[in-house]
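Peer 1: predicted structure and sequence below. I'll ask about it afterward.
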Amino acid sequence: MNMKLRYRLFLRRKSVYYAFDDTTKTFTSLKTKDKAEANRLLMAMNEAGKQPAMNLGLARVYLRHSDPMVTTRTWQNVLDEIIGLKTGPTQVRWKSAAKDKAFAPILSRVLIETQAEHLLAVLRTGTVSTNAFLRKVHNFAVDMNWLPATVIPRRQWPAIHYKEKRAITFEEKIIDAEVNPERKTLYQLCWHLGASQGDIASLKGGDVDWTDNTVSFRRKKTDVPVLVHLGGEALNLFKDLPGEGPLFPYLSRVRAGDRATEFASRCRQLGIGGVTLHSYRYSWAERAKVVGMPERFAQEALGHNSKAVHRAYARRALMKIPSLEDYEQRTAVKIKSAA
């Protein structure tokens with residue numbers, strides 16, 4: 001006795017053939033107007049439904065001819081490839097992410113044998129960082145054609161909800177409370193320059209141009225060149241630092257995490273919460289916005305590649321918008337002065 005077939009052939013609008021699923025009562029376009037081809041596709045769909053295990057084996061046979069590693073490539077292999085392509089601080093972050101215990105259940109799993117449930121289990125046990133990095137790993141595998149299709153559709157990934165970030169305010173006397181001279185100067189330059197703690201800690205005497213009163217460096221994260229004009233207070237800070245070699249002999253050698261830990265310890269002593277060393281960048285961006293610095297200048301000073309990133313940094317800044325009357329009066333004064 002013949003088993004009832006799950007899919008039936010339909011010819012719908014524009015002469016395109018569709019497969020009707022008797023189980024879900026939905027239509028799926030076969031994207032062809034050729035009846036013979038449509039019948040072959042329909043037969044394959046029905047066969048796949050009747051013998052899923054055997055069809056997986058057949059798929060492996062076909063895929064092996066185009067990619068010899070398709071039956072052995074695991075998620076650990078994908079992570080290793082990504083880490084190998086990264087350099088500098090980005091590679092360090094990926095190596096740290098690869099140690100996430102939430103990834104352990106899938107690291108030895110073959111990519112083409114991975115179901116959505118496997119990745120969702122990782123997301124349930126992981127953190128916000130797990131979600132962010134697993135997306136990148138999954139998308140990398142898809143882009144490299146190591147996965148025949150997405151395991152979790154883009155719209156079905158759980159939303160990433162980062163912790164609220166805020167700027168350090170002038171009233172929070174973290175700098176004044178720091179007793180270590182080298183760390184205190186680092187925090188002061190973070191306040192004045194808005195650069196990341198890693199970029200400032202790596203500065204050398206040759207980066208300061210005393211003729212033009214500027215400091216220049218390349219951002220470690222993006223390799224974007226940055227040239228900042230120094231105000232009087234920042235210049236005085238540089239005058240007290242070594243003229244050659246690393247400006248921060250100790251802090252330039254320690255890990256970024258160690259510098260962050262020392263800063264967090266100082267904040268706990270002061271009862272200040274919700275900030276990190278990176279918060280000095282938010283402070284700089286907000287201060288620049290409040291005083292009306294042109295966005296293109298602030299963007300260059302922070303080393304941002306896009307306006308969207310810079311606006312995210314300055315989103316909390318409160319602007320006191322002058323009235324139109326004030327602008328009209330200023331224009332009238334300029335016209336009289338010119339006359």
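Peer 2: All right, it came through fine.

Peer 1: low-confidence ranges, the stretch 101-250 of the chain, go.
Peer 2: Counting by pLDDT under 70, the stretch 101-250 of the chain contains no low-confidence range.

Peer 1: do a quick rundown of the helices in it.
Peer 2: Remark: helices assigned in the stretch 101-250 of the chain by DSSP state H, counting those that start in this stretch are 104-107, 116-125, 128-143, 174-177, 181-193, 197-201, 232-239.

Peer 1: can you point out the buried residues in the fifth one?
Peer 2: Neighbour-count burial for helix 181-193, counted by 16 or more other Cβ atoms under 10 Å, picks out R183, K184, T185, L186, Y187, Q188, L189, C190, W191, H192, L193. For the C-beta atoms, the positions are set from N, CA and C on the backbone; glycine is no exception.

Peer 1: again with the fourth one
Peer 2: Within helix 174-177, the residues that qualify as buried are I174, I175, counting by 16+ other Cβ under 10 Å.

Peer 1: contacts for that helix, please.
Peer 2: I168, K184, Y187, Q188, W191, F263, R266, C267, Q269, L270, I272 (Cβ atoms under 8 Å, 6 or more residues apart in numbering).

Peer 1: quick one: the fourth one from T214, how far?
Peer 2: Right, the one you point to is Q188. Using Cβ to Cβ, to the nearest Å, Q188 is found at 18 Å from T214.

Peer 1: also the second one?
Peer 2: When distance is defined by Cβ to Cβ, K184 is 23 Å away from T214.

Peer 1: give the contact list for the residue nearest the centre of the chain.
Peer 2: Among the residues of the chain, A132 comes closest to the average C-alpha position under Cα atoms, centre = their mean, at 7.6 Å. Counting by Cβ under 8 Å, 6+ apart, A132 touches I160.

Peer 1: hmm, try it at 10 Å
Peer 2: Going by Cβ atoms under 10 Å, 6 or more residues apart in numbering, A132 touches A97, G126, I160, Y162.

Peer 1: which of the residues you listed count as buried?
Peer 2: A97, G126.

Peer 1: so which of the contacts of A132 is the closest to Q329?
Peer 2: Y162 (43.7 Å; Cβ to Cβ).

Peer 1: what's around the residue lying closest to the closest one once chain neighbours are set aside, how many residues?
Peer 2: Of all residues not flanking Y162 in the chain, V128 sits nearest, at 6.1 Å (Cβ to Cβ, 6 or more residues apart in numbering). A count of neighbours around V128, defined by other Cβ atoms under 10 Å, yields 12.

Peer 1: next: V142.
Peer 2: 16.

Peer 1: that one against T114, yeah?
Peer 2: No. Using Cβ atoms under 10 Å, V142 makes no contact with T114, being 11.6 Å away.

Peer 1: ok, back up a step: same list (the buried residues of helix 181-193) but as a markdown table, adding distance to A332.
Peer 2: Converted to a markdown table, the buried residues of helix 181-193 look like this (distance: Cβ to Cβ, whole Å):
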| residue | distance to A332 |
| --- | --- |
| R183 | 51 |
| K184 | 48 |
| T185 | 47 |
| L186 | 48 |
| Y187 | 45 |
| Q188 | 42 |
| L189 | 42 |
| C190 | 42 |
| W191 | 38 |
| H192 | 37 |
| L193 | 38 |
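
Peer 1: closest to D240 out of those?
Peer 2: Using Cβ to Cβ, T185 is the member of the buried residues of helix 181-193 that lies nearest D240, at 7.2 Å.

Peer 1: which residues touch the closest residue to that closest one other than its chain neighbours?
Peer 2: The shortest distance from T185 to any non-neighbouring residue, by Cβ to Cβ, 6+ apart, is to L237 (5.9 Å). Counting by Cβ under 10 Å, 6+ apart, L237 makes contact with K184, T185, L186, Q188, L189, W191, H192, L193, L230, L247.
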